[in-house]
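Undergrad: Okay, sequence plus prediction incoming.
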Amino acid sequence: MKTILFFVTTLFSSHALAIDAAGDVTDAQVAFYQLGIETGCKDTGRSKGDPTEKVDAFCSCVMRVLKDDVTFAEWQQAYFYSIKRQGREEMRVMGPHMSKTQTCRSNAF
């Protein structure tokens, strides 16, 4: 998952100067961040040679779990930290939720 979050961090780094606080992060930016996580997940799985249908099922499950578990304020914080290249803080927000996605592995693979 750290690889996925690094991908998202790199993707959003150009927007870092426009946002001064996590509360400034918009719905659209959160959606873009979520899309980046899902895309990174799929790219990582496919690059390992896993079957596309299993990768898609796993990544869809991960996103479903995260969207159900992570509050909007946490999504804002995670995005904010990602664009500021503060990976440790981003993982502090998202890490507790990532453990809940482990059920997706057994369901997809």
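TA: It's in. Numbering: from 1, shown residues only.
Undergrad: Which of the helices or strands spans the spatially most central residue of the chain?
TA: Residue closest to the average C-alpha location in the chain (CA atoms, centre = their mean): residue 37, at 3.4 Å. Residue 37 is part of helix 27-47, with elements assigned from DSSP states H and E.
Undergrad: packing partners for that helix?
TA: Counting contacts by 3 or more CB pairs under 8 Å, 6 or more residues apart in numbering; DSSP states H and E, helix 27-47 packs against helix 2-12, helix 52-69, helix 72-83. C-betas here are computed from N, CA, C, even on glycine.
Undergrad: Summarise which helices and strands the last one is packed against.
TA: With contacts defined as 3+ CB pairs under 8 Å, 6+ apart, helix 72-83 has these neighbours: helix 2-12, helix 27-47, helix 87-98.
Undergrad: can you tell me which of those comes nearest to residue 70?
TA: Of all the helices and strands packed on helix 72-83, helix 87-98 sits nearest to residue 70, with 5.2 Å by CB to CB.
Undergrad: following the closest one, which helix or strand comes up?
TA: helix 102-108.
Undergrad: Show me where the chain dips below the pLDDT cut-off.
TA: 1-17, 107-109 (pLDDT under 70).
Undergrad: Ok, which of the helices and strands packed on helix 27-47 comes nearest residue 92?
TA: Closest of the helices and strands packed on helix 27-47 to residue 92 is helix 72-83, at 8.2 Å (criterion: CB to CB).
Undergrad: what comes up buried for that closest one?
TA: If you call a residue buried by 16 or more other CB atoms under 10 Å, then helix 72-83 has these buried ones: 74-83.
Undergrad: got the CA positions of that helix in CSV?
TA: Written as CSV, here are the backbone C-alpha positions of helix 72-83 (Å, rounded to 0.1, in the frame of the first residue of the first chain):
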residue,chain,number,x,y,z
PHE,A,72,-14.5,12.7,4.6
ALA,A,73,-12.3,14.7,7.0
GLU,A,74,-9.7,11.8,6.9
TRP,A,75,-9.8,11.8,3.1
GLN,A,76,-9.1,15.5,3.2
GLN,A,77,-6.2,15.0,5.6
ALA,A,78,-4.7,12.2,3.5
TYR,A,79,-4.9,14.2,0.3
PHE,A,80,-3.4,17.2,2.0
TYR,A,81,-0.5,15.2,3.4
SER,A,82,0.0,13.5,0.0
ILE,A,83,0.4,16.8,-1.9
